[in-house]
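Undergrad: Quick one, fold the following:
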Amino acid sequence: MKSDNQIQEPMNVALYARVSTGRQENEQTIESQLDEVKRKIAEDGNTLLPQNIFIDDGWSGELLARPSLDNLRDAAKDNSFEAVYVYDRGRLSRTFFHQELVISELSDLGIQFISLHDVKATTPEEKVLQSMQGVFHEYERIKIAERMRRGKMYHAKEGKIINGQALYGYSYKKREDGNVDYLINHDEAGVVRKIWNWFGNDNLAVHTIQRKLFDLKIVPQKGKSDFWSKSVITRLLKQETYVTGKAFYNKSEAVVAKHPMNNGKYKKVKKSSRKVKSREDWIPFDVPRIITDYSLYEKVQKKLEYNRVYANKKSKYDYLLSGLIYCGCGNKRVGDGCSKNGHFYYRCIDRIRSGVYERKCKSS
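TA: Residues are numbered from 1 along each chain as shown. Modelled structure (predicted):
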């Protein structure tokens, strides 16, 4: 019987590596994994072909559906290799059950599973011990995540700013003592003031503001698109922080999206949406004010409330399902016309909205 870590004859093998966060990617964790595993393969005298290197870079271990892991499992069924090397079991998944599923699948195909940082599993006793290690790995990851959460909460309650995505109009600046200052980003703050002035004083509609921002070549914060969505502009107009000078930590939490925009097979993260927490859970900290005219704030909020109450009442027809049903692309469907027989039509918002957006919906 062959040993997992001392292979007697050269074999054709595969390598699987994964990291989940942008920070890990920047620190080249994938490269460090690959380097160590490749060295071990070379020490064992095995052959690693380029097509048998499978990498999921920036993919969460909570989800089993990952492109390269699926490719590895398909290649295993085609007998493309005789063993799979990994840095540790946690590369397969954060979840013990998922780890066991993949390892069992490989074992049933006669493929060895070799983990550099877990005990060997050549005997039934060793396999049980390695499985127990997998359980403790999952438990330890949960403990680490909880310690980080509690540490951040403690520091936030002590008045220290916790790094994250700065609100549009602001930037973080790290001090020598390791703490962070929340400063005005003057370019973005200027855009905030423009949007508030256009909406509150010039009485421009949100879709008109969209067009003006596009014409002025002002792109949203993340820079993934040249276009501002109406929801982002509306959130900026609702943002109290610009007026009160109070920002909040622990305001929301990550949740699984009920209606994800990406309905494809693969999702890099499981919890891709956010849910606002109860206000008593928010932890405030002081930031500079961007809007100093409180009367402008009152104008903006009154207009937003008026639009919320009366906008839907201007419709020619009463579309009861508007905004409650979803298109196959993930966008909401809204009322768009009525037939002579009184049948209402609901179309994808991406197909009927006007403005500067490129239409991406391909659902029938």
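
Undergrad: Now stretch 190-198: average pLDDT?
TA: Averaging pLDDT along stretch 190-198 gives 96.

Undergrad: Tell me the buried residues in that stretch?
TA: For stretch 190-198, burial by neighbour count (16 or more other CB atoms under 10 Å) applies to 191-196, 198. Every C-beta, even on glycine, is put in place using the N, C-alpha and C of the backbone.

Undergrad: can I get those residues in a markdown table with secondary structure?
TA: Formatted as a markdown table, these follow (DSSP: H, G, I helix; E, B strand; the rest coil):
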| residue | secondary structure |
| --- | --- |
| 191 | helix |
| 192 | helix |
| 193 | helix |
| 194 | helix |
| 195 | helix |
| 196 | helix |
| 198 | helix |
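
Undergrad: Include distance to residue 184 when you put these into a markdown table, please.
TA: Below are the buried residues of stretch 190-198 laid out as a markdown table (distance: CB to CB, whole Å):
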| residue | distance to residue 184 |
| --- | --- |
| 191 | 12 |
| 192 | 10 |
| 193 | 11 |
| 194 | 15 |
| 195 | 16 |
| 196 | 15 |
| 198 | 20 |
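
Undergrad: Quick check on residue 107: phi, psi?
TA: Main-chain dihedrals, residue 107, degrees, to the nearest 10: phi -60, psi -40.

Undergrad: isn't it right up against residue 113?
TA: Yes - Residue 107 is in contact with residue 113 according to CB atoms under 8 Å; the separation is 7.0 Å.

Undergrad: right, and the helix or strand after the helix-or-strand element of the chain with minimal mean pLDDT?
TA: Here the helix or strand of the chain ranked lowest by mean pLDDT, DSSP states H and E is helix 22-26, holding a mean of 45. Where DSSP states H and E defines the elements, the next helix or strand beyond helix 22-26 is helix 29-43.

Undergrad: For that following helix, what is the distance to the chain centroid?
TA: Centroid separation between helix 29-43 and its chain, computed with CA atoms, centre = their mean, to the nearest Å, is 28 Å.

Undergrad: buried residues in that helix?
TA: Neighbour counts using 16+ other CB under 10 Å place 29-30, 33-34, 37, 40-41 of helix 29-43 among the buried residues.

Undergrad: and what of stretch 227-247?
TA: Residues 227-228, 232-234, 236-237, 239, 241-243, 245, 247 are the ones in stretch 227-247 that count as buried (16+ other CB under 10 Å).

Undergrad: Which members of these occur in helices, if any?
TA: 232-234, 236-237, 241-243 (DSSP state H).

Undergrad: where do the strands sit along the stretch 101-250 of the chain?
TA: Taking DSSP state E, counting those that start in this stretch as the test, the strands found in the stretch 101-250 of the chain are 112-115, 170-174, 180-184, 246-249.

Undergrad: Of all these, which one comes closest to residue 137?
TA: strand 112-115 (10.4 Å; CB to CB).

Undergrad: Report all helices and strands that that closest one contacts.
TA: Packing partners of strand 112-115 (3 or more CB pairs under 8 Å, 6 or more residues apart in numbering; DSSP states H and E): strand 83-86, helix 96-108.
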